[in-house]
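J.: Based on what follows, work out the 3D shape:
(one chain, ligands or ions: 1)
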Amino acid sequence: MTGRRNNPLRVGRIDYANAWPLFHYLEEYTEQAGIDVVLKVPAELNRLLREGEIQVSAVSSFAYGMNDQDYILMPHLSVGSEGKVNSILLFLKEPIESSPPGRIAVTTTSATSVNMLKILMNKYYEINPAYEPAEPDLDRMLEGADGALLIGDPAIRESWENKGLTVIDLGEVWNKWTGLAMTYAVVAARKEAVEASPEAFNRLYEAFAASKEQSVNNLSPLISKACEQLGGDRAYWQMYFTSLNYDFGPKQQEGLTLYFRYAKELGLLDHEVSLHFYKEETLPNR
Ligand SMILES: C=C(O[C@@H]1C=C(C(=O)O)C=C[C@H]1O)C(=O)O
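T.: The predicted structure follows:
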């Protein structure tokens, strides 16, 4: 993070590989525009955006749902999957069918996935375990629980270990059950900040859209960086980045809308969520 300069905008960046395509080439622009980029796990970014400490951020889609009246979505940008996500994983000591978990430790870094887990447990598996928020450390989480939910890079690292656990990919279960995609993160902005400086937002949006396009068109630099920084081989990261989807079209919106509906039904959200987008009609269709 660079020191605060004349630009009043601060942008939140998710500190996991899953969001790299949105941000990899963005920082050239933010550097040049004097925009600070704050690198944190999703739950921290959710809080900073809600408190107005940052004005635009990739956040948990659930956090957008909680604050949809105060936020505006940046169109055509998300982190999602239609099927396996590979980094939102429930690790269980015993197979879920023969031995349903009574207690699940859930990472404190997430909002979307924790609530997705609650929806899937309640509506798909029809069980009601207790949920215990915990730091993302699998071995410690499993000391006091039958299962543990991890997201992001810690989930990926644990998926490479062989600890004799049953591993359930929540993106895969969601897709099998609903037939739909799921959107884990969106890029949201605080409404009043957008209204105060629309030109700055236009430029920032263009830079986000360009970063995504460039990343998706040539994954090779991201794959090299992932091998260097996180381990694993090129084939893994090729699979990882191509299983994720960064669009936010009708398909992604349909899955997320159903998720919000279920969250409301279960009392995880106290209102119906509507998706409103930044100047959708005037932006180029990506
Ligand atoms: C794909 C992922 O989605 C993430 C899951 C989030 C959540 O559960 O709140 C938030 C942001 C996303 O980056 C992941 O964590 O690997």
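J.: Would you mind listing what in the chain touches the ligand?
T.: 14, 16, 18-19, 42, 60, 79, 85, 87-88, 110-113, 151-152, 184-185 (Cβ under 6 Å from any ligand atom). No exception for glycine: its C-beta is placed from N, CA and C like everyone else's.
J.: what about 5 Å?
T.: When proximity is defined by Cβ under 5 Å from any ligand atom, the chain lies next to the ligand at 14, 18, 42, 60, 79, 87, 110-113, 151-152, 184-185.
J.: Just the ones of those residues in helices?
T.: The helices, defined by DSSP state H, take in 42, 112-113, 152 from the residues of the chain next to the ligand.
J.: I'd like those as JSON lines, with neighbour count, pLDDT and distance to Gly171 appended.
T.: Below are these laid out as JSON lines (neighbours: other Cβ atoms under 10 Å; pLDDT from 0 to 100; distance: Cβ to Cβ, whole Å):
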{"residue": "Pro42", "neighbour count": "31", "pLDDT": "98", "distance to Gly171": "16"}
{"residue": "Thr112", "neighbour count": "29", "pLDDT": "98", "distance to Gly171": "11"}
{"residue": "Ser113", "neighbour count": "29", "pLDDT": "98", "distance to Gly171": "9"}
{"residue": "Gly152", "neighbour count": "23", "pLDDT": "98", "distance to Gly171": "13"}
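J.: Just list what the lengthiest strand in the chain packs against, helices and strands only.
T.: In the chain, taking DSSP state E as the definition, the longest strand is strand 71-81. Where contact means 3 or more Cβ pairs under 8 Å, 6 or more residues apart in numbering; DSSP states H and E, strand 71-81 is packed against helix 61-66, strand 182-190, helix 191-196, helix 198-217, strand 244-245, helix 250-265.
J.: So for Asn7, which of the ones you listed sits nearest?
T.: Asn7 sits nearest to helix 198-217 of all the helices and strands packed on strand 71-81, at 7.3 Å, using Cβ to Cβ.
J.: Can you name the element that comes right after that closest one?
T.: helix 220-230 (DSSP states H and E).
J.: and that next one, what other elements does it pack with?
T.: So helix 220-230, by 3+ Cβ pairs under 8 Å, 6+ apart, packs with helix 20-23, helix 152-159, helix 234-243.
J.: Quick one: those helices as CSV, columns for distance to Tyr131 too.
T.: Listed next are the helices and strands packed on helix 220-230 as CSV, based on distance: least, Cβ to Cβ, whole Å:
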stretch, distance to Tyr131
helix 20-23, 29
helix 152-159, 17
helix 234-243, 26
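J.: Deepest-packed of those helices, please.
T.: Comparing these by mean neighbour count (mean count of other Cβ atoms under 10 Å), helix 20-23 ranks first with a mean of 24.
J.: relative to helix 198-217, how tilted is whatever helix or strand comes next after that helix?
T.: Next helix or strand after helix 20-23 toward the C-terminus (DSSP H and E): helix 26-33. Using axes from the mean of the first three to the mean of the last three Cα atoms, to 10 degrees, the inter-axis angle of helix 26-33 relative to helix 198-217 is 150 degrees.
J.: buried residues in helix 26-33?
T.: By neighbour count with 16 or more other Cβ atoms under 10 Å, helix 26-33 contains the buried residues 26-27, 29-30, 33.
J.: again with stretch 60-75
T.: Buried, per 16+ other Cβ under 10 Å, within stretch 60-75: 60-68, 71-75.
J.: Please identify which pair of those lies farthest apart.
T.: Met66 and Pro75 (20.3 Å).
J.: Which residues are in contact with Ala145?
T.: Ala145 is in contact with 101, 103-105, 132, 134, counting by Cβ atoms under 8 Å, 6 or more residues apart in numbering.
J.: I'd like to know the beta-bridge partner residues of the residue sitting nearest the centre point of the chain.
T.: Nearest to the geometric centre of the chain sits Ala185, at 3.2 Å (Cα atoms, centre = their mean). Ala185 forms beta bridges with Ser60, Val79, as assigned by DSSP bridges.
J.: Just put the buried residues of stretch 60-75 in CSV and tack on pLDDT and distance to Gly179.
T.: Shown next, in CSV, are these (pLDDT from 0 to 100; distance: Cβ to Cβ, whole Å):
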residue, pLDDT, distance to Gly179
Ser60, 99, 23
Ser61, 98, 19
Phe62, 99, 21
Ala63, 98, 25
Tyr64, 98, 23
Gly65, 98, 21
Met66, 98, 26
Asn67, 98, 28
Asp68, 98, 25
Tyr71, 98, 28
Ile72, 97, 29
Leu73, 98, 24
Met74, 97, 27
Pro75, 97, 24
